[in-house]
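S.K.: Pasted the sequence and its predicted model underneath.
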Amino acid sequence: MSSKKRTGGNPARAGEVEDAREARRAKAAALRQRELARERSRRVLLVSIAVVVVLALAAVVFVVIDRSRQDDVPLAAQAVPPSASGNGAGLVLAGTPAAGAPTVDVWLDYQCPYCARFEAAAGDAVVELASSGQATVVVHTLTFLDGNLGNDSSQRAAEAAAAADAQGRFAEYNQVVFANQPEQEGTGYTDAQLRDFAEQAGVPDLEAWQAAVDGHAYRDYVTSIADSQQEAGVQGTPTVTVTPEGGEKSEIPIEQLLGADPVGALQQAVAAATPAATP
């Protein structure tokens, strides 16, 4: 008796096999899509990194070129601003002090936010003390925050202020610098900003001012002020001291300089150091 091989098979089983194949194909396709997506992400990341690197290199090149251009400017003959009596001496604000008027010394740093706060509250009063003859007012521009903040903005701003003093505009320049101090401490000032400050302060000959700044004509003078800080016993900024004629120096407490009435504190200290008028 012959036998015949049965054709076909279990339809349900065949369907399961086909479903399994479809599932494998779908899984493989999904894996390929994920891999393609990861590859696109990697390419985007690499391109982004490349762009950042190129921009960073461009910035470095710009700074190097800019600094090299500055270095190409010959160093000017070192000078002392006209309002200072010599190296190590502060800038005396304009005014003719009355007989027996005390001396007010103001120590500041152009990157110091507390100095900007004091200037905003009492800067006009300080200038008025000098112009009215109530006191001899001497301003000392320090630069110690350059070391703390890792830049040279205090030095450059102080040199720029000295160059403004050479044209009789120190007090105005001092006011403009503090009025435009960056909100973020350490941001510093650009060279373009310092020139703009000179224009705002009314420096008459901007080209002469720029030549003095580019040539660092007041570099040694500003350094000498920094060197005098320790001898003067100044620990920080702002520091304001009042010295009667022939008397001993006293310091206005920082709490008063930054308090509710810094102008009142300043005027009281000056009045206390001024001899009573004779009848």
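M.R.: Yep, it's here.

S.K.: For stretch 111-119, which residues meet the burial criterion?
M.R.: With burial defined by 16 or more other CB atoms under 10 Å, the residues of stretch 111-119 counted as buried are 111-113, 115-119. All C-beta spots, glycine's among them, are computed from the backbone N, C-alpha and C.

S.K.: Quick one: the strands in the protein, in order.
M.R.: Remark: strands assigned in the chain by DSSP state E are 91-92, 103-109, 136-142, 239-243, 250-251.

S.K.: Show me what the last one is packed up against.
M.R.: In this structure, strand 250-251 makes packing contacts with strand 239-243, judged by 3 or more CB pairs under 8 Å, 6 or more residues apart in numbering; DSSP states H and E.

S.K.: Using PDB, write out every CA atom in the strand it packs on.
M.R.: C-alpha atoms of strand 239-243 as PDB (Å, rounded to 0.1, in the frame of the first residue of the first chain):
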ATOM      1  CA  THR A 239      37.800 104.300  52.300                       C
ATOM      2  CA  VAL A 240      37.300 108.000  53.300                       C
ATOM      3  CA  THR A 241      39.500 109.700  55.900                       C
ATOM      4  CA  VAL A 242      39.400 113.200  57.300                       C
ATOM      5  CA  THR A 243      42.500 114.900  58.600                       C
END
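
S.K.: strands paired with it, and their directions?
M.R.: Note on strand 239-243: by DSSP bridges, its sheet partners are strand 103-109 (antiparallel), strand 250-251 (antiparallel).

S.K.: Rounded mean pLDDT for the first one, please.
M.R.: Read that as strand 103-109. If you average the pLDDT over strand 103-109, you get 98.

S.K.: Just the C-alphas of it, formatted as PDB.
M.R.: Taking C-alpha atoms only, strand 103-109 is exported to PDB below (Å, rounded to 0.1, in the frame of the first residue of the first chain):
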ATOM      1  CA  THR A 103      41.900 117.200  54.000                       C
ATOM      2  CA  VAL A 104      39.500 114.500  52.800                       C
ATOM      3  CA  ASP A 105      41.100 111.400  51.200                       C
ATOM      4  CA  VAL A 106      39.000 109.100  49.100                       C
ATOM      5  CA  TRP A 107      40.300 105.700  48.200                       C
ATOM      6  CA  LEU A 108      38.400 103.800  45.400                       C
ATOM      7  CA  ASP A 109      38.700 101.100  42.800                       C
END
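
S.K.: Just want the angle from that strand to strand 136-142.
M.R.: Interaxial angle, strand 103-109 versus strand 136-142 (axes from the mean of the first three to the mean of the last three CA atoms, to 10 degrees): 20 degrees.
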